[in-house]
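1. what shape does this take:
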Amino acid sequence: MKIKKGDTVLIIRGKDRGKQGKVVKALPKENRIIVEGLNLVKKHVKPKRAGEKGRIIEISAPLDVSKVKLICPLCKQPTRVGYTFINDEKRRFCKKCKGSFN
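-> As a prediction, the model looks like this:
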């Protein structure tokens with residue numbers, strides 16, 4: 001998966017189209033990511049103790065990787081990711097400005 005935890009992404013599909021956010025968690029087996037404060041869904045929570053009320057909370061739901069584009073930290077534009085080897089180490093780079101992500 002080309003997107004990792006801590007990357008800034010732009011959402012290109014869905015209800016949050018055009019918004020940017022930071023990747024909180026990457027789920028490579030499911031090919032999904034969780035973006036901070038975006039793709040919010042309401043979850044009903046039961047009361048845990050006696051006397052406590054149930055409530056509705058909003059949480060960030062996982063989003064498919066194909067619905068986001070990576071924002072380059074150097075040129076600040078949505079871009080595709082390329083890979084290159086530098087000193088036998090695999091590194092990601094921006095396809096627009098050729099700058100390195102790592």
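2. from here on, contacts and neighbour counts on C-alpha atoms
-> OK.
3. and the residue sitting nearest the centre point of the chain, what does it touch?
-> Per CA atoms, centre = their mean, the C-alpha nearest to the average position across the chain is that of residue 23, at 3.5 Å. Residues counted as contacts of residue 23 (CA atoms under 8 Å, 6 or more residues apart in numbering) are 4, 5, 6, 7, 8, 9, 33, 34, 35, 36.
4. mind running it again at 10 Å?
-> With contacts defined as CA atoms under 10 Å, 6 or more residues apart in numbering, residue 23 is in contact with 3-9, 33-38.
5. show me what it bridges to in the sheet.
-> Residue 23 has the following beta-bridge partners by DSSP bridges: residue 35.
6. and it, how close does it get to residue 42?
-> Taken as CA to CA, to the nearest Å, the spacing of residue 23 relative to residue 42 amounts to 20 Å.
7. coming back round to it: from the contacts of residue 23, pick the one nearest residue 69.
-> Within the set of the contacts of residue 23, residue 9 lies nearest residue 69; the separation is 5.5 Å, counting by CA to CA.
8. grab the nearest non-local neighbour of that closest one.
-> With sequence-adjacent residues excluded and distances taken as CA to CA, 6 or more residues apart in numbering, residue 9 is closest to residue 70, at 4.5 Å.
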